[in-house]
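# I'll drop the sequence and a predicted model, then ask my questions.
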Amino acid sequence: MDTYLIEGGKRLSGAIAVHGAKNSVLPILAATLLAAGQSEIHNCPELSDVAASIAILEHLGCIVKREGSTVTVDARVLRRCDVPDHLMREMRSSVIFLGAVLARVGEASMCCPGGCELGPRPIDLHLAALESLGAKVETRADSLLHCTGGRLTGCEITLSIPSVGATENAMLAACGAEGVTVINNAAREPEIADLQGFLQSMGARVHGAGSSVITVEGKMPYHGGRHTIMPDRIVAATFLACAAAAGGEVTIEQIDYRHLSTVTAALAEAGCIISSGKNYISIRKELPLKSVRPIRTAPYPGFPTDAQPPLMAALAGSEGTTVFVENIFESRYRHVDELVRMGASIRVEGRVAVVCGVPGLYGASTRCADLRGGAALVVAALGAEGKSRITGLHHMDRGYYDLEGALTALGADIRRIP
């Protein structure tokens, strides 16, 4: 089991670019199944979740090649329409293959997906969207889902909540339906717009991503597409939190500052000096952080739930009290006990966490419980006094590539020990 060894108290300085977005590349890899051709995906990060998606594509019959950050998917021949249990359990986002396989071959079978344990995340919205398009969904033994499409037909779909995954699955399935599909109350995340960009490169007629109404004009077949994955805004938010905790001055390059406006607003309120331009965000932290007004996570353009743990870790060493309200996932505070081991004063009641700032954190041995919770521990360790050990890094490998290398380049004292 790999371990991070971090010596805290080192100020960060320099500029860095973030890799491609995990939450963008996964649905785009699934979308390559729509075309009986070859697709080329650039800026594709080497993450364990990406490796799991590639394994699913290969299981289905695709030929996948990686050269550096470019992944080529040849989906001309699909031999199967099922995804086995051991692949589904690798990540929650594996359910996104349901809509794509159904659209391409008219049938799909898979088990309920795995991923980080962040509380109940039912896929009923996904299945309801597919049923609206005409799919028949059966639940068999061992939680096996079997969908048959036959002839999918465009329709109007209204999601009860703006679920990112359900929006993506509806978009992919609608590409294989006859007629026009309108998705109301769609998720507005930038990654949805990135998926739309790839679908358009394949010849799909998809419009409206970024708004709450997305229109898909189904038209099979499609040709292979070419696309460059957008930068990962959550990785960027993590680096911003690292700088806020450790101090110094850091510039995140090749990032759209508008995607992180709620995060940078909170950091500015905490006392950081934020500047941004067309393709960058800079942060400078000199004075101790201050508490901020309550932070409530919400679907985009609200405060992202994935940025909540890193920001909480930075504010654990602030002056005053900050309240966090988690509105997306029920079990998103699994990092709190580990932060308390480092001297943080945090009280959790249901979906509310009250962070009472302390003069400083100290190094300790901690363990990642999930992906973003692991990032929170790194943030805290960088700002703490003394040495920290962090285990359970397989969670972080799902969404961060060579985090230790990037932080070392900024001046952090961090090593990954096999």
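The structure has been received and is ready for your questions. Residues are numbered from 1 along each chain as shown.

# ranges for the helices of the stretch 201-350 of the chain?
Taking DSSP state H, counting those that start in this stretch as the criterion, the stretch 201-350 of the chain carries its helices at 233-246, 261-269, 308-315, 336-341.

# can I get these in a markdown table including mean neighbour count, mean pLDDT and distance to G179?
C-beta here means a position set from N, CA and C on the backbone, and glycine is covered the same way. A markdown table is the format used below for those (neighbours: other C-beta atoms under 10 Å; pLDDT from 0 to 100; distance: least, C-beta to C-beta, whole Å):
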| stretch | mean neighbour count | mean pLDDT | distance to G179 |
| --- | --- | --- | --- |
| helix 233-246 | 28 | 98 | 34 |
| helix 261-269 | 19 | 98 | 37 |
| helix 308-315 | 29 | 98 | 40 |
| helix 336-341 | 20 | 98 | 49 |
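
# so which of those gets nearest P84?
helix 233-246 (28.9 Å; C-beta to C-beta).

# circling back: need the helices of the stretch 201-350 of the chain in TSV with distance to L127, can you?
Converted to TSV, these look like this (distance: least, C-beta to C-beta, whole Å):
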stretch	distance to L127
helix 233-246	27
helix 261-269	31
helix 308-315	28
helix 336-341	33
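
# mind checking those helices for the one nearest to C368?
Closest of the helices of the stretch 201-350 of the chain to C368 is helix 336-341, at 8.1 Å (criterion: C-beta to C-beta).

# from the chain's centre, how far out does the closest one sit?
On the basis of C-alpha atoms, centre = their mean, to the nearest Å, helix 336-341 sits 23 Å off its chain's mean C-alpha point.

# can you check stretch 173-192 too?
The chain centre lies 19 Å from the centre of stretch 173-192; the measure is C-alpha atoms, centre = their mean.

# quick check: mean pLDDT of that stretch?
For stretch 173-192, the mean per-residue pLDDT is 97.

# how about it: buried residues?
Using 16 or more other C-beta atoms under 10 Å as the test for burial, stretch 173-192 gives 173-177, 181-183, 185-192.

# end-to-end on it?
For stretch 173-192, the first-to-last residue distance is 15 Å (C-alpha to C-alpha, to the nearest Å).

# ok, now stretch 329-347?
End-to-end distance for stretch 329-347, by C-alpha to C-alpha: 17 Å.

# ok, now which ones touch the residue nearest to G271 when sequence neighbours are not counted?
Nearest-residue entry for G271: K290, 4.9 Å, with adjacent residues in sequence omitted and distances by C-beta to C-beta, 6 or more residues apart in numbering. Contact analysis of K290 by C-beta atoms under 8 Å, 6 or more residues apart in numbering lists E269, A270, G271, S318, E319, G320.

# buried ones among those?
Buried members of the contacts of K290, scored by 16+ other C-beta under 10 Å, are E269, A270, G271, S318.

# the third one reaches R284, doesn't it?
No - counting by C-beta atoms under 8 Å, G271 sits too far from R284 to count as a contact (10.2 Å).

# for this protein, give me the ranges with low pLDDT.
Filtered on pLDDT under 70, the chain yields the residue ranges 92, 112-122, 141-143.

# can you do 50?
115-121 (pLDDT under 50).

# per-domain residue ranges of it.
3-18+231-417, 22-228 (automatic domain parsing).

# correct me if wrong: S13 contacts L407.
No - with contact defined as C-beta under 8 Å, S13 does not count as touching L407 (11.6 Å).

# count the residues that sit near A316.
Residues near A316, counting by other C-beta atoms under 10 Å, number 29.

# ok, then the element right after the strand or helix carrying T139?
If you go by DSSP states H and E, T139 is part of strand 136-140. Sequence-wise, the next helix or strand downstream of strand 136-140 (DSSP H and E) is strand 144-148.

# can you list contacts of that following strand?
With contact meaning C-beta under 8 Å, 6+ apart, strand 144-148 is reached by 98, 102, 106-112, 127, 130, 135-140.

# direction included, what does that strand pair up with?
strand 107-111 (antiparallel), strand 136-140 (antiparallel) (DSSP bridges).

# turn the ones you listed into TSV, columns for mean neighbour count.
Shown next, in TSV, are the strands paired with strand 144-148 (neighbours: other C-beta atoms under 10 Å):
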stretch	mean neighbour count
strand 107-111	21
strand 136-140	12
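
# make a markdown table out of the ones you listed and add distance to T391.
Converted to a markdown table, the strands paired with strand 144-148 look like this (distance: least, C-beta to C-beta, whole Å):
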| stretch | distance to T391 |
| --- | --- |
| strand 107-111 | 29 |
| strand 136-140 | 37 |
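
# of all the ones you listed, which lies closest to A237?
Judged by C-beta to C-beta, the one of the strands paired with strand 144-148 that comes nearest to A237 is strand 107-111, at 31.3 Å.

# V355 and V323, how far apart?
Distance of V355 to V323, computed by C-beta to C-beta, to the nearest Å: 7 Å.

# helices along the stretch 1-150 of the chain, start to end?
Under DSSP H, counting those that start in this stretch, the stretch 1-150 of the chain gives helices at 22-31, 48-60, 85-88, 97-105, 124-132.

# now the ones you listed as a markdown table including mean neighbour count and distance to V71?
A markdown table is the format used below for these (neighbours: other C-beta atoms under 10 Å; distance: least, C-beta to C-beta, whole Å):
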| stretch | mean neighbour count | distance to V71 |
| --- | --- | --- |
| helix 22-31 | 27 | 7 |
| helix 48-60 | 20 | 7 |
| helix 85-88 | 18 | 17 |
| helix 97-105 | 27 | 16 |
| helix 124-132 | 20 | 25 |
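
# closest one to V164 among these?
helix 22-31 (7.4 Å).

# which residues sit against that closest one?
Contacting residues not belonging to helix 22-31 are listed as 41, 44-45, 47, 49-50, 53-54, 57, 71, 73, 91, 93, 96-97, 99-100, 164, 168, 172, 175, 189-191, 194-195, 198-199, 202, 225, 227, 229-230, 232, 234, 398-399 [C-beta under 8 Å, 6+ apart].
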